[in-house]
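Student: How does the following fold in three dimensions:
(one chain, ligands or ions: 2)
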Amino acid sequence: MEKLMEPIRTLVDLKRGIVDPDRVTERKAYDMQGMYQDELALKKLVSKDNPLIYQVSGVNIPEETGHIIYSTTIISPGKVGNEYFMSKGHFHVKEDTAEIYLCLEGEGYLLMQTRKGRVSTIHMKPGILGYIPPYWGHRTINTGNKEFAFLTFSPGDAGHNYEVIQKCGFAKIMLEEDGRAVLKDNPKYTPLDSQIG
Ligand code: PAN
Ligand code: ZN
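Tutor: Ligands and ions are numbered 1, 2, ... in the order given. As a prediction, the model looks like this:
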């Protein structure tokens, strides 16, 4: 017989997301090695005070078909060299799964990319909902001067595949130039061959 799960009530602060989460994952500068252009600047940050780049707060939902997983991500303001603080970025393990991002606070970009390297961005600010269709890898970037917070909702069985991004990077990077966020080609990008996209 199927085990029936009990409904869950979650309090959401409309600026900072899920209140009293079951789990919080922190990503500090140390955890972001290999992700930024300026490796020396990252090294310096790590040895200075290894700042928090972002944190993900979630509720325990079974990672199974039929469920919807939701969490809050908060990315700190800051840069590594002239590259803004950002999430690692990933494809879903089950690549035919979509995701919804709803911005609560701050501003930034949702950067998406197909396996073939086609790129799309959505400028996020409070109230903007970004829909990530199936097959698009995704990363978020805080281009503002305060915390960038958003809620995410994804299918329970989506999973996270970090390997592709770790190996190949994104085709584009977001840099600060003359006080503005500018999307540039990533000189370190190494494309992957694939039929999708
Ligand atoms: C999000 C991300 C979250 C952190 O919940 O997992 O923003 O980014 P990374 O997972 O790339 O570190 C999501 O897209 N889940 O599928
Ligand atoms: Zn995702």
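
Student: ok, now how distant is Pro7 from Ile61?
Tutor: Separation of Pro7 from Ile61 (C-beta to C-beta, to the nearest Å) stands at 11 Å. C-betas here are computed from N, CA, C, even on glycine.

Student: Oh, that last question was meant for Ala98, not what I typed.
Tutor: Taking C-beta to C-beta, one finds Ala98 at 17 Å from Ile61.

Student: Check Gly144 too.
Tutor: Distance from Gly144 to Ile61, counting by C-beta to C-beta: 29 Å.

Student: Trp136 too?
Tutor: From Trp136 to Ile61 the distance is 22 Å (C-beta to C-beta).

Student: How about Ser154?
Tutor: 10 Å.

Student: so what sits against both of those two?
Tutor: Any residue near both Ser154 and Ile61 by C-beta atoms under 8 Å, 6 or more residues apart in numbering counts here, and that gives 68-70.

Student: so which of the residues you listed would you say is closest to ligand 1?
Tutor: Ile69 (7.3 Å; C-beta to the nearest ligand atom).

Student: residues making contact with the helix or strand bottoming out on mean pLDDT in the chain?
Tutor: Every helix and strand of the chain was ranked by mean pLDDT, DSSP states H and E. The lowest is helix 163-168, at a mean of 95. By C-beta under 8 Å, 6+ apart, the surrounding residues in contact with helix 163-168 are 34-35, 88-91, 115, 137, 139, 189-192.

Student: Going by neighbour count, list what's buried in it.
Tutor: Buried positions in helix 163-168, judged by neighbour count with 16 or more other C-beta atoms under 10 Å: 164-165, 168.

Student: Quick one: distance of that helix to the chain centre.
Tutor: 14 Å (C-alpha atoms, centre = their mean, to the nearest Å).

Student: could you point out which element follows it?
Tutor: Sequence-wise, the next helix or strand downstream of helix 163-168 (DSSP states H and E) is strand 172-177.

Student: which helices and strands sit right next to that next one?
Tutor: strand 83-84, strand 108-113, strand 180-185 (3 or more C-beta pairs under 8 Å, 6 or more residues apart in numbering; DSSP states H and E).

Student: separation between the closest residue to Gly81 other than its chain neighbours and Glu6?
Tutor: Excluding its sequence neighbours, the residue lying closest to Gly81 (C-beta to C-beta, 6 or more residues apart in numbering) is Asp38, at 3.1 Å. Counting by C-beta to C-beta, the gap between Asp38 and Glu6 amounts to 48 Å.

Student: Equivalent analysis for Gln37, please.
Tutor: 47 Å.

Student: Between the two, which has more neighbouring residues?
Tutor: Between Gln37 and Glu6, counted using other C-beta atoms under 10 Å, Gln37 has the larger neighbour count: 17 against 4.

Student: how close does the more buried one sit to ligand 1?
Tutor: Using C-beta to the nearest ligand atom, to the nearest Å, Gln37 is found at 18 Å from ligand 1.

Student: sorry, back to before: compute the number of surrounding residues for the residue nearest to Gly81.
Tutor: 15.
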